[in-house]
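**Q** Turn this into a structure:
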Amino acid sequence: MIKALRDDYNKNFTQVKYNEYLADINKTYVPIQFRMAETPVFVPKEFLTQLISACESIVDVILRPDFKELTQDAIPKNLLVPNENKYPHCITFDFGICLNENGGLEPQLIEMQAFPTLFAYELLLDEIYDRHFGIPTGFSTFLGGLNRETYLAALKKMLLNDQNPENVILLEVFPEKQKTNIDFYCTEGFTGIKMVCVTKLIKKGRQLFYMNDGKETLIKRIYNRVIFDELLQQEDWVQEKAKVLFEDLDVEWVPHPHWFYRISKYTLPLINHPNIPHTRYLHQVNPVPVDLENYVLKPLFSFAGQGVVIDVTKEDIENIKDPENWILQRKVNYAPIIETPDVPAKAEIRIFYFWEEGAERPQPTNSLSRLSKGKMIGVRFNKDKPWTGGSFCLFEME
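**A** Numbers count the residues shown, from 1 in each chain. Alright, predicted model coming up:
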């Protein structure tokens, strides 16, 4: 995206250096379970300005007094959890890198989620990338005026909120088996928070406990990595163990499970911004557009691109039995603008926002990026293609 930097990076890139970089990452905690791209995305200042403008417009909608009322139907009735708080602790915004009508670069929002992502892993990635490749002067992976130390402090503040790390857990279903388990190990390494499977929770009255090095330990705060609708796909015995999460518990959620649904694809039709593609609930689409090739069909309740229909036909829409649970979104056409040794790659940028308890607004903190040479963005869709996969951004700051 910044030609001089891209040309210099590609010219000096070697497979040996990349292999050493990967080996350094993989030996730190556990081997990474997804493909790592060979390059970061270099983001110019004006593009970053557009990204933040779009994010802030969404925050404005979240701050509307009637936001909870507008999004109440986003939460599946069988997944209601007591003790929802006022605001989410974190939000992530996914943008495709596109070309506008004048041929210039612009971001277009793909989706958003009030749910954690690789918050701790990005700290490790920043450190190891700098060790092997060096971060150019005037560039940073951190946003909101943060640096490595202040970002870690903000992450600890969000997760711990002054609690002892042993009383805070990272909760997931079989966390060691997840493809993003590198982030769980990084979280423990940077903050002291241990990962705990939902099947290992111990309930006594309204309190939860877990076994911490053989000692039964009180849980005061849950860093939630469980996607609740995915619980319904687990074996019966796992679902039975997880029922405790739907009870009135004496714990703090980070973030509360309801925010996963409130701030999601469900929210997109409520937002109007030039960097956010026009979106409607499918049951409110009348008439159906004649240019369906310019739209994408998405289920409201899915994760990681599952169920998305890219090449939409009228028959696809007619076959939807529950249109109230789908959106029709103006298609975002990713621009293949990341030069690589063979063909250019498309890219997606995910912006992290942290919402400190008591703060009026959340703040941008960091990001990640994903590179693709196929129709779908995401590490699962580009396993065998070079210069694709997970990465991060270096933003121009000066």
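**Q** tell me the mean pLDDT for stretch 210-230?
**A** For stretch 210-230, mean pLDDT is 95.
**Q** Look up phi and psi at Tyr121.
**A** Main-chain torsions, Tyr121, degrees, to the nearest 10: phi -60, psi -40.
**Q** ugh, wrong one, I meant Ile276
**A** As for Ile276, its main-chain torsions (degrees, to the nearest 10) stand at phi -130, psi 110.
**Q** I'd say it and Ser57 touch.
**A** Yes - using Cβ atoms under 8 Å, Ile276 is in contact with Ser57, at 7.3 Å. Glycine gets a C-beta too; all of them are placed from N, C-alpha and C.
**Q** More neighbours: which of the two?
**A** More crowded of Ile276 and Ser57, by other Cβ atoms under 10 Å: Ile276, with 23 against 16.
**Q** what's the pLDDT at that one?
**A** The per-residue pLDDT reported for Ile276 equals 93.
**Q** Tell me how far it lies from Asn294.
**A** Look at Ile276 and Asn294: by Cβ to Cβ, to the nearest Å, they are 16 Å apart.
**Q** how about low-confidence regions in this protein?
**A** The chain contains residues with pLDDT under 70 at 302-306, 375-383.
**Q** from the chain's centre, how far out does stretch 108-116 sit?
**A** 6 Å (Cα atoms, centre = their mean, to the nearest Å).
**Q** mind listing what's buried in that stretch?
**A** Buried residues in stretch 108-116, defined by neighbour count with 16 or more other Cβ atoms under 10 Å: Gln108, Leu109, Ile110, Glu111, Met112, Gln113, Ala114, Phe115, Pro116.
**Q** May I ask which two of these are separated the most?
**A** Using Cβ to Cβ, the buried residues of stretch 108-116 span at most 23.5 Å, a distance reached by Gln108 and Pro116.
**Q** Against Asp250, how distant is the residue lying farthest from the centre of the chain?
**A** Ranking residues of the chain by C-alpha distance from their mean position (Cα atoms, centre = their mean) puts Gly205 at the top, at 33.9 Å. Gly205 is 8 Å from Asp250, where distance means Cβ to Cβ.
**Q** Overlap in contacts, these two.
**A** Common contact partners of Gly205 and Asp250 (Cβ atoms under 8 Å, 6 or more residues apart in numbering): none.
**Q** For the stretch 201-350 of the chain, just list every one of the helices.
**A** Secondary structure of the stretch 201-350 of the chain (DSSP state H, counting those that start in this stretch): helices at 228-231, 236-242, 258-262, 314-318.
**Q** Just say which of the ones you listed is most tucked in.
**A** Neighbour counts (mean count of other Cβ atoms under 10 Å) averaged over each of these peak at helix 258-262, with a mean of 24.
**Q** What does the closest residue to Arg64 other than its chain neighbours show for phi and psi?
**A** Using Cβ to Cβ, 6 or more residues apart in numbering and skipping residues adjacent in sequence, the residue nearest Arg64 is Leu70, 7.5 Å away. When quoted as degrees, to the nearest 10, the phi and psi of Leu70 stand at phi -70, psi -30.
**Q** neighbours around Leu70, how many?
**A** By other Cβ under 10 Å, 15 other residues sit near Leu70.
**Q** still on that earlier bit, can you convert the buried residues of stretch 108-116 into a markdown table and add a column each for distance to Arg64 and secondary structure?
**A** What follows is those, written out as a markdown table (distance: Cβ to Cβ, whole Å; DSSP: H, G, I helix; E, B strand; the rest coil):
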| residue | distance to Arg64 | secondary structure |
| --- | --- | --- |
| Gln108 | 23 | strand |
| Leu109 | 18 | strand |
| Ile110 | 22 | strand |
| Glu111 | 20 | strand |
| Met112 | 15 | strand |
| Gln113 | 19 | strand |
| Ala114 | 15 | coil |
| Phe115 | 21 | coil |
| Pro116 | 24 | coil |
